[in-house]
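1. okay, sequence plus prediction incoming.
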Amino acid sequence: MRTLVISDLHLGSRLERDVLRRPAALERLCAELADVDRLVLLGDTVEMLEGRPRGALADAEPVLRAIGAAMGEDTEVILLPGNHDHALVRPWLRERRSAGKSVGLADRVPLRSNPDLQAMARWLKPARVQVRYPGVRLGEDIWAHHGHYLDRHLVRQPQVPAPAIPEDYERALGTSIAALGAVMAAALPPIIGEPIDRLAGIIRLAGVAALPIADALPGSGLLAPLSAGVLGYQFRRVGLPAMASVNARLGVAEANVLFGHLHRSGPRSRDEPGEWEADGRRLWNSGCWVYEPLLLAGASPPHPYWPGGALLIEDDVITPVGLLDDVDPRELR
Ligand SMILES: [Mn+2]
């Protein structure tokens, strides 16, 4: 069984940073999918936070149709909502809450809980689709989650209790992104003249990892801290420990935890392996499918923020791969 995990497609992004709208990128992914039995879309598949969820879904349709066709019969797609497509799972969460039922670590979300989920499942045919939230078990010792729960450990908010349940994380979702927007707006006066949705793109990319950057450089007010290097540093010093905190509080039993959200694929060959391990668990990041010019200008693959990151699982062995590393960068912009 061959499983491919990809995340952070952000299909329908207003500035068209989602590379799968580019034929070269979509073709490369589809070629890979021909040999895949199971595809995991690990969150932020559709960009529903930019104020045009219907348009984003419409943009996602042809991409999902191509993915389903490339997968073919007797294959499966597991869809997990993240923070940018959290709306997909909200009706189900509300239903659970009103019924007084708790949420587990890998619950199955019925497609019928949301017409948008039903539409996505239809587009992905003939692959079978199941929706899981907030995580899914992918093997004896592998649990995958989009990673947005880690935001809770990056902002000064009421502490997450230890141990915690998914509801403790759900309660404050959204506030962190809003808080980040406020910090960025205050910290980046020199960026005036930069379109505001360009800024939104940076925020999306940085995730809440930008918050500690703003804290660490009070009054600097420069865009410079958002270079790939500093983001990478923040990812290792802040992002990875925050994800480890989520795993510890939720009591994740699996030894391997896959996540996306921060858009930084790894561990890569030059990464320090110890930074990706905590409490007996190993962390793996699936990267992203977004071309962010502010981070990638002048860069070339292999690069931790290069679009096309994925995690390949075969016989419970996990391998980070860069599926777009060989595609002409001009075809990704
Ligand atoms: Mn995310």
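-> Yep, that arrived.

2. from here on, just use CA atoms for contacts and neighbour counts.
-> OK.

3. now the terminal residues of stretch 141-153, how far apart.
-> 24 Å (C-alpha to C-alpha, to the nearest Å).

4. around the closest residue to A278 other than its chain neighbours, how many other residues sit close by?
-> Of all residues not flanking A278 in the chain, A244 sits nearest, at 6.2 Å (C-alpha to C-alpha, 6 or more residues apart in numbering). Per other C-alpha atoms under 10 Å, the neighbour tally for A244 reads 23.

5. just use 14 as the starting number from now, easier for me
-> I'll keep to 14 as the first residue from here, and by that count the last item is A257.

6. OK, contacts around A257?
-> Residues counted as contacts of A257 (C-alpha atoms under 8 Å, 6 or more residues apart in numbering) are A291, D292, L296.

7. helices of the stretch 164-313 of the chain, start to end?
-> All helices of the stretch 164-313 of the chain, identified by DSSP state H, counting those that start in this stretch, fall at 179-183, 188-200, 209-219, 223-229, 241-247, 253-263, 306-309.

8. which of those helices has the lowest average pLDDT?
-> For the helices of the stretch 164-313 of the chain, the weakest mean pLDDT is recorded on helix 223-229, namely a mean of 39.

9. tell me the contacts of P147?
-> L93, P94, G117, L118, A119, D120, H158, H159, P179.

10. equivalent analysis for G245, please.
-> Residues in contact with G245 (C-alpha under 8 Å, 6+ apart) are R277.

11. rerun at 7 Å
-> Listed by C-alpha atoms under 7 Å, 6 or more residues apart in numbering, G245 has no contact partners.

12. and the gap between it and E153?
-> Going from G245 to E153 by C-alpha to C-alpha gives 30 Å.

13. repeat that for D329.
-> To E153, D329 is 8 Å away according to C-alpha to C-alpha.

14. same question, P123
-> Shown here: P123 relative to E153, a distance of 24 Å by C-alpha to C-alpha.

15. the two: who's more crowded?
-> Neighbour tally, P123 and E153, criterion other C-alpha under 10 Å: the higher count belongs to P123, 14 against 11.

16. mean confidence score for stretch 29-38?
-> pLDDT averaged over stretch 29-38 gives 96.

17. what residues of that stretch count as buried?
-> For stretch 29-38, a neighbour-count test (16 or more other C-alpha atoms under 10 Å) marks E29, R30, D31, V32, L33, R34, A37, A38 as buried.

18. turn those residues into JSON lines, including distance to R15.
-> What follows is the buried residues of stretch 29-38, written out as JSON lines (distance: C-alpha to C-alpha, whole Å):
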{"residue": "E29", "distance to R15": "30"}
{"residue": "R30", "distance to R15": "28"}
{"residue": "D31", "distance to R15": "25"}
{"residue": "V32", "distance to R15": "24"}
{"residue": "L33", "distance to R15": "22"}
{"residue": "R34", "distance to R15": "25"}
{"residue": "A37", "distance to R15": "23"}
{"residue": "A38", "distance to R15": "21"}
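
19. which one of these is nearest to R67?
-> E29 (15.3 Å; C-alpha to C-alpha).

20. re earlier: now the buried members of the contacts of A257.
-> A291, L296.

21. among the contacts of A257, name the ones in strands.
-> Mapping the contacts of A257 onto strands (DSSP state E) picks out A291, L296.

22. find the nearest non-adjacent residue to the most centrally placed residue in the chain, please.
-> To find the centre residue of the chain, average its C-alpha atoms and take the closest one (C-alpha atoms, centre = their mean): that gives H274, at 3.2 Å. What sits nearest to H274 in space, not counting adjacent residues and going by C-alpha to C-alpha, 6+ apart, is G160, at 5.4 Å.
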